[in-house]
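*Asks:* Predicted structure and sequence below. I'll ask about it afterward.
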Number of protein chains: 2
Amino acid sequence: MTAQKLAAVLDHIDADFDNSLQRLFTLLRIKSISADPAFAADCEAAAAHLANDLATLGFRAEVRPTGGHPAVVAKRSGEAGAGRPHVLFYGHYDVQPVDPLALWTRPPFEPAVADHADGRKIIVARGAEDDKGQLMTFIEACRAWIGVAGSLPLDVTFLIEGEEEVGSKHFAAFLAQNKADLAADLALVCDTSMWDPDTPAITTALRGLVYDEVRITAADRDLHSGLFGGAAQNPIRVLTRILGGLHDDSGRVTIPGFYDGVKDLPPAILAQWKALAFTPETFLKPIGLSLPAGENDRLMIEQVFSRPTCDINGIVGGYTGEGSKTVIPSQASAKVSFRLVEGQDPAKVRAAFRAYVTERLPGDCKVEFIDHSGAPAVSLDWGMKPLAAAQAALTAEWGREAQLIGSGGSIPVVGDFKRVLGLDTVLVGFGLDDDNIHSPNEKYDLKSFHKGIRSWARILAALAEAPRT
Amino acid sequence: MTAQKLAAVLDHIDADFDNSLQRLFTLLRIKSISADPAFAADCEAAAAHLANDLATLGFRAEVRPTGGHPAVVAKRSGEAGAGRPHVLFYGHYDVQPVDPLALWTRPPFEPAVADHADGRKIIVARGAEDDKGQLMTFIEACRAWIGVAGSLPLDVTFLIEGEEEVGSKHFAAFLAQNKADLAADLALVCDTSMWDPDTPAITTALRGLVYDEVRITAADRDLHSGLFGGAAQNPIRVLTRILGGLHDDSGRVTIPGFYDGVKDLPPAILAQWKALAFTPETFLKPIGLSLPAGENDRLMIEQVFSRPTCDINGIVGGYTGEGSKTVIPSQASAKVSFRLVEGQDPAKVRAAFRAYVTERLPGDCKVEFIDHSGAPAVSLDWGMKPLAAAQAALTAEWGREAQLIGSGGSIPVVGDFKRVLGLDTVLVGFGLDDDNIHSPNEKYDLKSFHKGIRSWARILAALAEAPRT
């Protein structure tokens, strides 16, 4: 019965795909950049658009305020009586800033299907993958089930936030305030990647994140380097000297206590990872690199999946326009982030970083820190039953065994789901390493979008029949 | 006879001062920012305005092309027959960029007279001092002489360039091409500072300048730090590590060979400098600092006047907007300049810097350098006769002995005058350390402008009667 329905749903997805694409384009045209206050109204527009769309599918949908950009909560439950499994699906409508705009080959909010150099069809736009394209795979799967079968095979609550790209600052509080309304058996997230373009994956380990901005001030005004150079402290010199010491020659982070609590991989996992074809040739060459830059006594796959890191994500100070200006600036600042692994405490890492900077600050300089986000690493239970059901559904759709993988990225909400709502999460996504998320020319493979919708249609059916935990 | 004429000229300057101020304002309203190609037409407008103005004073004035922004050449000679002394006056009409614009208390190209916190009247605008205000002191002195006496007391050629703030790249070639037309006995420059607000000064030593931009590229695109962090090289990390090592703990520049050729001060000069009231209290406190940041075994006055320096004038890479973005950028760049002293070869310093960076570059990174300017240090002959005449004229105007001083700044054209035209230069200026040149809220004291005009009127008279070298 369900198998027949599923077949009809999958056929409908294929037949309706052009319309699915147009609906994604409509969402991609909304400039919902959460990091820049100038786009706050666009964020509200994205939330309203999604709530309206879900309402047309029979969801009880609302745009709800948070301390920042609003969230969408939409529920379709109880239609087949009580007792069905209930999933809470999470996605985010906000996107990254688009700078440097000059590097985009087309306007970032005018989505189009284009031809990749290697012949793949791709959807190009900011958010094409992260996370609008991924989010829409699930919405379109629900639309197909409702259109074909008249109902979903299980109860579904949507929770779509607008602050994922700026650290989900208000998310935990929102979960706590709306706890009763968000009750479910399991959380689903579509914001991760495939193993490779042909092999689906479920992500079962995520690194945490601490993101700090550091701003150093020396003189109370910009100075002329001819008049003051030599005697006046230069905050760029101070900043580069401090940040330039964050790594030692072996690629290890030098902040005292940074590695406290970090465990080595179990030998079995390490052996398994060694067997994977994860090499500079496959991972770095496509982005123009060849040498792993992390701790030089670790496998590259450890550097990316299981070791903590420190990256300077931005730096600015003094004159940065064309030509030259002989200025000693008053201020210089940098954005510094840390990917954390299990065992590391975000609060301790942040405190250790700030102490490191403060202790190295020369007299005459002041430092300010801005907390942009913090979340611990998350490790999921590899034995969870719904995970096996989802894995089987993915394997059926793609014709290849779905892999259980770690991810270098951070999805802090997963920890919040466990802590606040008591929910385990299954992370399924259809991104690829070359999607240029957070970069110019973000794309999502047309195949990812199409088979992503089909995958979710299958997973919904599978979860409806699987044990709940 | 000349003394009577001079008295009448000085009276006329006082009576006509409001008009002088309005003429300066007209020049200040032109946005002649040489560093930014968007203002190229404004640079041309400034040149045309000055040529027209000088033509109304009876100068044979022309706007002449260079390889970059045009120069103004204007000559008034031979009117009292052959044989009079001939001075070549140099100034520049181009100004520094205005960013960060948000820190200006009024629009930078809408000049106004304002009250300084300590009661001084000041002219506020980009270029108010550097160099439009200073340049106009000389033009207004000529205007007064011509208006009162019908002629100048000696022959004058103006050479006003538009690329001083971007390194005067085409200047030496322009001098060579126009050599015959620029023949004179002596060069005069008005682009330097007073000793203090009450004490005039002639600058007799200038540091040289090497200005390089360094751009480091790692991956061929921006990357997501969650996916690639740990394994992918980060060019900001590389840049901060290299630049952070440019100074050692004692404030000394670490580039091998940087100090080659640098001599210690003669003991007599060192003793004289030690006696000057040049202290952190007087020099650094007004800008919010207290600790000299240069080589810690040198006097602060040495750090500023006679020791070479290295400053990072700008740095940028990755995400620098509001909030956070977990990006590993493809590129990061910095603008680095060196103030040179006698004995240092700009070409060798540039090569040593580039070697220093290149040798520290990890595999997978590329580096590009952009040469923004280079000029050796200049030391003037303290025994030059016209210098003594100018010193006496300044002393008469200000009622205090004019000081002969070094300057930390660089005026590369002075070396070009000597090398290409065989001319010595007398550097007289009325700037003050708190003029915020190259910074927001640039200003010029109204007193500097007024007494600057009077000073030049006196100097012209003095030079007309002084021995020529």
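*Replies:* Everything's here; your move.
*Asks:* what's the residue nearest to A:T66 when sequence neighbours are not counted sitting at in phi/psi?
*Replies:* Spatial nearest neighbour of A:T66, excluding adjacent residues (CB to CB, 6 or more residues apart in numbering or on different chains): A:H170 at 4.1 Å. Backbone N, C-alpha and C define where each C-beta goes, glycine included. For A:H170, the backbone dihedrals are phi -100, psi 10 (criterion: degrees, to the nearest 10).
*Asks:* contacting residues around A:H170?
*Replies:* Contacts for A:H170 were tallied using CB atoms under 8 Å, 6 or more residues apart in numbering or on different chains; they are A:66-68, A:163.
*Asks:* farthest pair in the residues you listed?
*Replies:* Pairwise distances across the contacts of A:H170 (CB to CB) peak at 8.9 Å, for the pair A:G67 and A:E163.
*Asks:* Report the set of residues contacting both of the two.
*Replies:* Common neighbours of A:G67 and A:E163 (criterion: CB under 8 Å, 6+ apart): A:169-170.
*Asks:* Pick out whichever of these two has more residues nearby.
*Replies:* Neighbours were counted for A:G67 and for A:E163 using other CB atoms under 10 Å in any protein chain shown; A:E163 has more, 25 against 10.
*Asks:* Per-residue pLDDT of the more buried one, please?
*Replies:* In the predicted model, A:E163 carries a pLDDT score of 96.
*Asks:* wait, what's in contact with it?
*Replies:* When contacts are counted by CB under 8 Å, 6+ apart, A:E163 touches A:34, A:66, A:68-69, A:92, A:94, A:169-171.
*Asks:* which ones among these are found in helices?
*Replies:* Using DSSP state H, the subset of the contacts of A:E163 located in helices is A:F171.
*Asks:* Out of the contacts of A:E163, who's the most crowded?
*Replies:* Neighbour counts for these were taken using other CB under 10 Å; the highest belongs to A:H92, which has 30 neighbours.
*Asks:* ok, for that residue, nearest residue in space, not its chain neighbours?
*Replies:* Distances taken as CB to CB, 6+ apart place A:E164 nearest to A:H92, at 3.6 Å, with adjacent residues excluded.
*Asks:* Then A:A293?
*Replies:* Distances taken as CB to CB, 6+ apart put B:Q233 closest to A:A293, at 4.1 Å, once the chain neighbours are dropped.
*Asks:* which strands and helices sit next to the lowest-mean-pLDDT helix or strand in chain A?
*Replies:* Sorting the helices and strands of chain A by mean pLDDT, DSSP states H and E puts strand A:403-407 at the bottom, at a mean of 78. Applying 3 or more CB pairs under 8 Å, 6 or more residues apart in numbering or on different chains; DSSP states H and E, one finds that strand A:403-407 contacts strand A:201-206, helix A:300-305.
*Asks:* Indicate which one of these is closest to chain B.
*Replies:* Comparing these against chain B with CB to the nearest CB, the closest turns out to be helix A:300-305 (3.8 Å).
*Asks:* Describe which strands the next helix-or-strand element following that closest one pairs with in its sheet and in which direction.
*Replies:* Helices and strands here follow DSSP states H and E; after helix A:300-305, the next one along the chain is strand A:309-318. In the sheet containing strand A:309-318, its partner strands are strand A:331-340 (antiparallel), strand B:309-318 (antiparallel), by DSSP bridges.
*Asks:* Measure how far strand A:309-318 is from the centre of its chain, please.
*Replies:* Averaging C-alpha coordinates over strand A:309-318 and over its chain gives two centres that are 20 Å apart (CA atoms, centre = their mean, to the nearest Å).
*Asks:* picking that back up, what angle sits between the least confident helix or strand of chain A and strand A:201-206?
*Replies:* Going by axes from the mean of the first three to the mean of the last three CA atoms, to 10 degrees, strand A:403-407 is angled at 40 degrees with respect to strand A:201-206.
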